[in-house]
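*Asks:* Next come a sequence and a model predicted from it.
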Amino acid sequence: MSSPSFSEILSKPTVFADRNVLSPHYIPETLPFRDKEIEKIMVGLSPALKGERPRNMFIYGKTGTGKTCSVKHVMGKLAEHKSNAVSCYVNCRMYNSRYRVIQKITKELFPSLDSMGFGLAMLYEKMMHELECSEAGGSAGAEVTEQAAGGKASPKEEPRAKTKADEARKAESDAEDARKKTGGRRLIVILDEVDMVKEIDDLLYTLTRANDELKAGSITIIGISNRLTFKDQLGQRSRSSLCENELIFPSYTPPQMQAIISQRAKMGFKPHVVEDAAVNLAAAITGQDVGDARYALKLLSKAGEIADEKGISKITDREVEEARRSVESDVAFEAISTLPDHQQLVLLAIANLMLDKGKNTRLTSGSGGSAAGEDDEPYLISGEVYEEYSKVSRRFRKPRRSARWYREYLNDLEMLGLITTIESGAGMRGRTRLIRIGYPAADVKKIIEKNFSIIESAVD
DNA sequence: CCTCCACAGGAAGCGCAGGAGT
DNA sequence: ACTCCTGCGCTTCCTGTGGAGG
């Protein structure tokens, strides 16, 4: 048997016209049903184009409601304008500490700086310095602010704003804050999934305080989160500074979802490939899961792959249904297999106990058991899970982590929606957490055990 | 009411990694 | 090559919490 060549693979018939359109990272020219939100963001950021500091903004909305897409869309438009405004997108899932965020900002905006290896204070200083003195081009000119801060406004500014009205307005606001306006950059930092940052209060404090210290230029924060309760975790100070401006992205309604799906289907697939029934089913499935457009796109894309595999030129409701099953297990698989080892082991321990309990006793061992589950699913006690986790660790020859760290893992798993926990109430001795798994325990067990056997066989 | 239990979660500190400065 | 500095993951220690049981 000889392996196929690339040209063979590429010449295979396909239902796709442009796969990129179906990627969650694709930013379309027009975002349907988000005009109002986009306008609000644009209005909020417009001061940056006039050389003023835009107010911070907190954007909330469930997954797949177009938050990130809309913000990126606006950033694209902002970049088209010649101005001192610069934006920096930070995905806080990857950059999840104050240090990493600041490092990312300096690296992104001032590539000339080799930001590795500097301490936080050093990075902060560099960032401030660059913001104060650079014109919107590079980080070369360094002495502009020194003069400007010294006294008169320098006359050699940007060569735009020609009309008299503009000049008058400019002079007026110059008088207001003569010092702040000269030269410095208007930095807009987008913190996506901002709830993932560990020392979020410190980060927000650092960035907002920077504004007080800057002689020119400014920093504006746009926080994006899908958890509204995130606000309550913030300190008083951070909350009022981040939430100067709030924007809520509502979930897409079923008809809206249907329109989005058919729009993307038209762009992503060849003409007449996707049947109406398929679009309707995709919209219905997604509608159940509270209007997550990202999920709908994944569904479409997968349905296309399935059609290609089968060698057919139509996508019907049958392919969408198949795609649903496949995507569901994909999502769980991805979420679980990208977890750090010990979080996987904790999850495996939970899955093991869940399966045991399902077979043997029902509720948690407590005498009355009235606090735990009104429904028939059993809850696990934190302590017994830790014991099982210790056993599982031994089995895979990984030294177990301390109980303290194990509790952090539980918090992380809960944040990711892989488990749910509640506080023990009456009927339970002491104060503990009751744990339940979010995905089918058997599937989770299979995924993790497979993962570890792959790792082990690779090591051997 | 007091004590015990079974934990939650904050604080401090430790060792390591990786870069800068000498 | 070394010393110093910093962030990070982790452990240890400690205090707090809330129900059970005497």
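*Replies:* That came through fine.
*Asks:* State the number of residues packed around A:Val331.
*Replies:* A count of nearby residues for A:Val331, using other C-beta atoms under 10 Å, gives 13. Bear in mind the C-beta positions are built from the backbone N, C-alpha and C, glycine included.
*Asks:* Show me what from chain A comes close to DNA strand B.
*Replies:* Counting by C-beta under 7 Å from any atom of the strand, chain A comes close to DNA strand B at A:114, A:116-118, A:381-384, A:403-404, A:407, A:410-411, A:429-433.
*Asks:* Separate out the buried members of those residues.
*Replies:* A:Phe118, A:Ile381, A:Ser382, A:Glu384, A:Leu410, A:Arg433 (16 or more other C-beta atoms under 10 Å).
*Asks:* Now, those that are in strands?
*Replies:* Among those, the members found in strands (DSSP state E) are A:Ile381, A:Arg433.
*Asks:* ok, A:Glu193 to A:Tyr99 distance?
*Replies:* Separation of A:Glu193 from A:Tyr99 (C-beta to C-beta, to the nearest Å): 17 Å.
*Asks:* In terms of neighbours, single out the busier of the two.
*Replies:* Between A:Glu193 and A:Tyr99, counted using other C-beta under 10 Å, the more crowded position is A:Glu193 (22 against 17).
*Asks:* Could I get the contacting residues of the residue nearest the centre of chain A?
*Replies:* Closest to where the C-alpha atoms of chain A average out (C-alpha atoms, centre = their mean) is A:Glu193, at 3.9 Å. Residues in contact with A:Glu193 (C-beta atoms under 8 Å, 6 or more residues apart in numbering) are A:Asn91, A:Cys92, A:Arg93, A:Ile224, A:Ser225, A:Asn226.
*Asks:* which SS class is A:Val86?
*Replies:* strand (DSSP: H, G, I helix; E, B strand; the rest coil).
*Asks:* same question but for A:Tyr60, I mixed them up
*Replies:* strand.
*Asks:* Below-threshold pLDDT in chain A: ranges please.
*Replies:* For chain A, the stretches flagged by pLDDT under 70 are A:1-2, A:110-117, A:133-183, A:228-229, A:232-233, A:289-290, A:358-377, A:454-460.
*Asks:* now do 50
*Replies:* Applying pLDDT under 50 to chain A flags residues A:115, A:136-181, A:360-375, A:460.
*Asks:* Give me the domain ranges for it.
*Replies:* A:11-21+A:252-336, A:34-141+A:171-249, A:339-455 (automatic domain parsing).
*Asks:* Quick check: chain neighbours aside, which residue is closest to whichever residue of the stretch 201-350 of chain A sits closest to DNA strand C?
*Replies:* Closest residue of the stretch 201-350 of chain A to DNA strand C, C-beta to the nearest atom of the strand: A:His342 (6.1 Å). Nearest non-adjacent residue to A:His342, counting by C-beta to C-beta, 6 or more residues apart in numbering: A:Arg401, 5.4 Å away.
*Asks:* was I right about that neighbour contacting A:Gln343?
*Replies:* No - using C-beta atoms under 8 Å, A:Arg401 is not in contact with A:Gln343; the gap is 9.9 Å.
*Asks:* In the stretch 251-400 of chain A, which residue sits closest to DNA strand B?
*Replies:* Closest approach of the stretch 251-400 of chain A to DNA strand B (C-beta to the nearest atom of the strand) occurs at A:Gly383, with a separation of 1.8 Å.
*Asks:* got a list of what that residue touches?
*Replies:* A:Gly383 neighbours (C-beta under 8 Å, 6+ apart): A:Thr432.
*Asks:* Next step: the contacts of A:Glu193 restricted to helices.
*Replies:* Using DSSP state H, no member of the contacts of A:Glu193 falls in helices.
*Asks:* Count the neighbours of the closest residue to A:Ser337 other than its chain neighbours for me.
*Replies:* In this structure, A:Ser337 finds its nearest non-sequential neighbour in A:Asn451, 5.3 Å apart by C-beta to C-beta, 6+ apart. For A:Asn451, the count of nearby residues is 17 (other C-beta under 10 Å).
*Asks:* And A:Asn451, its phi and psi?
*Replies:* Dihedral pair for A:Asn451: phi -50, psi -50, per degrees, to the nearest 10.
*Asks:* Relative to A:Phe396, how far out is the residue of the stretch 251-400 of chain A closest to DNA strand B?
*Replies:* Computed as C-beta to C-beta, the A:Gly383 to A:Phe396 distance reads 21 Å.
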